[in-house]
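**Q** Model the following, please.
(2 chains)
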Amino acid sequence: MELSQLTIHELQKKIRNGSATAVQITESVFSRIDAVEERVHAYIRLLKEQAFASAQKADEDIKRGDIKLLTGIPVALKDIVCTKGILTTCGSHILHNFVPPYNATVVEKLKDAGAIFVGKANMDEFAMGSSTETSYFGPTFNPWDLERIPGGSSGGSAAAVAADECIASIGSDTGGSIRQPAALCGIVGLKPTYGRVSRFGLIAFASSLDQIGPFTKDVEDCAIMMNVLAGYDPRESTSVPENVPDYTQFAGRDIKGWKIGIPKEYFIDGIDAEVNNALKTAMQVIEQSGGQCVDISLPHTQYCVATYYIIAPAEASSNLARYDGVKYGFRAADVRELLEMYKTTRMQGFGAEVKRRIMIGTYALSAGYYDAYYKKASQVRSLIKRDFDEAFKICDVILTPTTPTPAFKIGEKTDDPLQMYLSDVFTISTNLAGIPGISVPCGFTSGGLPIGVQFLAGHFEEGKLIQVASAYEKNAKIEKRRPKL
Amino acid sequence: MKISPQEVDYVAHLARLEITEGEKEKFTSQLNDILLYIDKLNELETQGVEPMSHAIAVTNAFREDRILDSIGTENSLANAPDRRGEFFRVPKVID
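**A** Modelled structure (predicted):
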């Protein structure tokens, strides 16, 4: 087995017992990148030189016995987190030349934990998309089938882990952008509780929904990454000063006596038959693991997509007003007056999906429509959150499919934005309610495409998610496959 | 029609977006589809329901009024598309 194929916890052992060095691990990852990146296009930018410099320094630390959680572990960063002195584009032409003067808090935390940064991963422009097709830098291809999308918006981060082009990665999730690509690429992805991980230095899309989280090859690695990422940040006023447990303690514990809620609204017509079967099997595994599946109802589920597509674009239209060609990023050439400069810069700098969302958001917030759209959606959001509050009175965690179908074909939904939006139907509610969610591999279609199962828990109960996901992973014994690239 | 081509023009102006005739046509039809879908929310009675603006209970976050390091003028201007001295340079606003 190549070092690039191993997990964080496997590599930690090798580093400690001296059977692998950080430079060897980094070499293994970059030789894999040399072999497959041209076909996968997981990255916007590789940081090879810097990665080897970090690896050499890591090996010196290791020799001194100074080994931290991620010492010598190659990690990819979604190109939405600011990296000091390194181009950060958010997948957009309007930021194609933006060099942040500071690091995002998660970048500092990963660095302090000893991580080696492999590169900046591809993504839908401003994280708006479910397929990574809206990136200004071209699409990412699903390592399991290069004619299909990897999911989005964090498609590059997910594909990089699935293709062994890094050991773990960072994504962001506003309506499913970690869990959906994790499911479609056959890996583990966790969206933490809103406020659990600092958003400082995360380029804003929808500030009341955005959250940073990890992609990993298994659940134990997810717990390790959460130990690094979680915690209060005085620079981020919505980060929460709650105690952070050691998440690795939850991996390997059983779920005897747990009630697992099965919401009937998530098992509807329109779910792919093979996805449905995989989920039924997952429920059996949960029962065999000592959990009890109980029927629950989340009655406002059918309103989640409509609610989201008011709230997220409204916040986006406000957040993206800052891209005006004045202080950073792209500015249109040959403009003579200020209003023309704003309009032309934004016309040339943003792609179609970003413009569409800015338009929806601006319309929803404009005079005469605010009550009918934004206020209405914010009220329905309260009802959606109440559904979860009620559900968690009778169950410990909730089990759902992560996505209604496996990965779709490139180009299949690009001309029909509404169909694209509906692919997030099972992940959006989590962000609206602010609760954490995890997607774990639960099998393959007959055509060899990965399927994911999603677990949801109450606010700040990531520990429960790690516990149920790890019990499931252990007992499901999903066949270990690697994409044939 | 939920939104007319004239309204699309007006919203684009509010959003400071120049759009082409082709985009106007496409956006009008796509925004209509999306807004029609969103009309679903009107099936729900929401009178008296408190609007939710944040996922978790957040109160004002205050910190001590202490001066911390900042990134400084040069770093702030380093990404400027156009600058003069210590200023961002833009086209003339008034004649």
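
**Q** Now the residue in the stretch 351-485 of chain A that chain B sits nearest to: closest residue in space that isn't a chain neighbour?
**A** Here the stretch 351-485 of chain A gets closest to chain B at one residue, residue A:434, 2.3 Å apart by CB to the nearest CB. Yep, even glycine has a C-beta here, placed from its N, CA and C like the rest. Counting by CB to CB, 6 or more residues apart in numbering or on different chains, the nearest residue to residue A:434 once its immediate chain neighbours are dropped is residue B:55, at 2.3 Å.

**Q** So what does the one you found look like in phi/psi?
**A** Here the main-chain torsion angles of residue B:55 (degrees, to the nearest 10) amount to phi -70, psi -30.

**Q** Tell me which residue is most central in chain B.
**A** residue B:15 (6.9 Å; CA atoms, centre = their mean).

**Q** Skip the chain neighbours and tell me the closest residue to that residue.
**A** Spatially, and ignoring its direct neighbours in sequence, residue B:15 is nearest to residue A:362 (4.2 Å; CB to CB, 6+ apart).

**Q** tell me the mean pLDDT for the strand or helix carrying the one you found?
**A** Assigning secondary structure by DSSP states H and E places residue A:362 in helix A:352-365. For helix A:352-365, the mean per-residue pLDDT is 96.

**Q** what's the answer for stretch A:135-151, then?
**A** Mean pLDDT, computed over stretch A:135-151, is 98.

**Q** roughly how far out does it sit from the chain middle?
**A** 15 Å (CA atoms, centre = their mean, to the nearest Å).

**Q** what's the answer for stretch A:193-203, then?
**A** 12 Å.

**Q** Stretch A:322-330 too?
**A** What separates the centre of stretch A:322-330 from the centre of its chain is 27 Å, taken as CA atoms, centre = their mean.

**Q** ok, residues contacting that stretch?
**A** A:93-98, A:331-332, A:341-342, A:345-346, A:348-350, B:16, B:76, B:79-81, B:88, B:90 (CB atoms under 8 Å, 6 or more residues apart in numbering or on different chains).

**Q** Then stretch A:259-279?
**A** A:283, A:286, A:291-299, A:301-302, A:391-392, A:394-401, A:403-406, A:426, A:442-443, A:445-446, A:451, A:453, A:468.

**Q** which of those are close to chain B?
**A** Counting by CB under 8 Å from any CB of the partner chain, the subset of the contacts of stretch A:259-279 that neighbours chain B consists of residue A:302.

**Q** Buried only: go through the contacts of stretch A:259-279 for me.
**A** The neighbour-count test (16 or more other CB atoms under 10 Å in any protein chain shown) marks A:286, A:291, A:293, A:296, A:298, A:301, A:391-392, A:395-401, A:403-406, A:426, A:442-443, A:445, A:451, A:453, A:468 as buried among the contacts of stretch A:259-279.

**Q** Point out the ones among those that are inside helices.
**A** In this view, the buried ones among the contacts of stretch A:259-279 that belong to helices under DSSP state H are A:286, A:391-392, A:468.

**Q** tell me which of the residues you listed is nearest to residue A:32?
**A** Of all those, the one with the least separation from residue A:32 (CB to CB) is residue A:468, at 31.6 Å.

**Q** need the contact list for the residue nearest to residue B:15.
**A** Taking CB under 8 Å, 6+ apart, one finds A:317, B:11, B:14-15 in contact with residue A:362.

**Q** Make CSV out of these and add distance to residue A:238 and pLDDT.
**A** Rendered in CSV, the data for the contacts of residue A:362 read as follows (distance: CB to CB, whole Å; pLDDT from 0 to 100):
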residue, distance to residue A:238, pLDDT
A:317, 20, 98
B:11, 29, 97
B:14, 27, 97
B:15, 26, 98
